[in-house]
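Student: Predicted model and sequence follow; I will ask about them next.
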Amino acid sequence: MSETYRPAAIAKIQDQKAQMRRSLLKARQAMPPQVWQQKCDRICTHLTQWPTFQSARTVLAYCSVRNEPDLGPLLAKQRSWGFPRCNGQDLIWHRWFPSCTWPLRPGAYGIQEPDPTSPQVDPQRVDLILVPAVGCDVRGYRLGYGGGFYDRMLSQPSWQGKLTIAIVFEFARLPQVPKNSWDRPLDGICTESGLFLATP
């Protein structure tokens, strides 16, 4: 049995992730509102200046909670967006436009979600996924909240091969994140300091 599959090894990695998650969330919550807003604005500026973002047909995004980087300034851009709705253990993606009449509303976790009756996203038209994260290392390995929603989603055939960018503040762009053997890296990271493609 591989060491990475041994229960004790898995438990150790999960404990390391939990400790790192608590530390990063504490730092994020301690950020003064004005500093937080400035950093969010810089992240959005880096994305809008990126040719890949400019040419993307549909971009999957998220609604900020718990002092996550806010992508609100991007949403005025006239393009097709996708926002997630939690359905059991899965994320269901719905289309959204700046001028659409489908309101976002609080979902099961208090996160703004699309109306269940709004049209769903066609994965074939998605060119870019902006992924929320607690932290991410320079190789693209993401530290999430522990629910596994994005891990399950990105392992599905219809979402594999899509360009994925973690959205975090610079202090959460780390040299290394504890990882399990089944973890898969994202393609890059965007922080207030710039856009960084992952290094192998």
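Tutor: Now that the structure is in, tell me what you want to look at.
Student: Could I get the full set of helices for the chain?
Tutor: 7-29, 33-48, 51-55, 149-154 (DSSP state H).
Student: will you turn these into TSV that also has distance to R79 and mean neighbour count?
Tutor: C-betas here are computed from N, CA, C, even on glycine. Converted to TSV, those look like this (distance: least, Cβ to Cβ, whole Å; neighbours: other Cβ atoms under 10 Å):
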stretch	distance to R79	mean neighbour count
helix 7-29	28	14
helix 33-48	11	16
helix 51-55	9	13
helix 149-154	21	17
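Student: Reformat those helices as TSV; add mean pLDDT and distance to R173.
Tutor: Shown next, in TSV, are the helices of the chain (pLDDT from 0 to 100; distance: least, Cβ to Cβ, whole Å):
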stretch	mean pLDDT	distance to R173
helix 7-29	90	11
helix 33-48	97	12
helix 51-55	94	18
helix 149-154	90	18
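Student: could you dump these to a markdown table with distance to N67?
Tutor: Formatted as a markdown table, these follow (distance: least, Cβ to Cβ, whole Å):
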| stretch | distance to N67 |
| --- | --- |
| helix 7-29 | 5 |
| helix 33-48 | 6 |
| helix 51-55 | 23 |
| helix 149-154 | 19 |
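Student: Check which helices and strands the helix or strand of the chain with the lowest mean pLDDT sits against.
Tutor: Here the helix or strand of the chain ranked lowest by mean pLDDT, DSSP states H and E is strand 105-106, holding a mean of 84. Packing partners of strand 105-106 (3 or more Cβ pairs under 8 Å, 6 or more residues apart in numbering; DSSP states H and E): strand 112-113.
Student: How about the contacts made by the residue nearest the centre of the chain?
Tutor: In the chain, the residue lying closest to the centroid (Cα atoms, centre = their mean) is V131, at 1.7 Å. By Cβ atoms under 8 Å, 6 or more residues apart in numbering, the residues touching V131 are 62, 142, 150, 164-167, 186.
Student: Please apply the same query to A76.
Tutor: Taking Cβ under 8 Å, 6+ apart, we find A76 in contact with P98.
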